[in-house]
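Undergrad: No letters, just coordinates:
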Ligand code: AMP
Ligand code: ZN
């Protein structure tokens, strides 16, 4: 197993856990780009969004619900937050285990860089 995020799920590499259940894990990003920057990942290894298949739909929906829950817990839901999933090289994806970035706590810019 060479995947960094699979190692974080297995607790072989430390992370600041924000949420965990049977299928989803969430932790603080090590290089935060906003006052709140949390990564929500499935425990199932999927390298990129392109690997998402029909059977994964409940899991992906659950990731969004976990993001909503964290946004409410962090008191940023009403102010606003951004959910981002990069896919492949030109998007800036660097870790090839899908992850939803939850960014909040400052005004976001559009279009993103
Ligand atoms: P992406 O560029 O979309 O693939 O995002 C990968 C994210 O993982 C970046 O925001 C990194 O800062 C973050 N990251 C990399 N290594 C770790 C780690 N060990 N713990 C927490 N976050 C990490
Ligand atoms: Zn993985």
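TA: That came through, no problem. If you're wondering where the values come from, they're calculated on a predicted model, not measured in any experiment. Numbers count the residues shown, from 1 in each chain. Ligands and ions are numbered 1, 2, ... in the order given.

Undergrad: and residue 41, that's in a helix?
TA: No: remark: residue 41 does not belong to a helix; assigned using DSSP: H, G, I helix; E, B strand; the rest coil, it is strand.

Undergrad: Verify the stated contact: it with residue 20.
TA: No: with contact defined as Cβ atoms under 8 Å, residue 41 does not count as touching residue 20 (10.4 Å). For the C-beta atoms, the positions are set from N, CA and C on the backbone; glycine is no exception.

Undergrad: Which one of the two is surrounded by more residues?
TA: Comparing residue 41 with residue 20 by other Cβ atoms under 10 Å, the one with more neighbours is residue 41, at 22 against 13.

Undergrad: Show the contacting residues for the more buried one.
TA: Counting by Cβ atoms under 8 Å, 6 or more residues apart in numbering, residue 41 touches 5, 8-9, 24-26, 63, 97-100.

Undergrad: can you check residue 79 too?
TA: Taking Cβ under 8 Å, 6+ apart as the test, what residue 79 contacts is 104-105.

Undergrad: Perfect, I'm done here.
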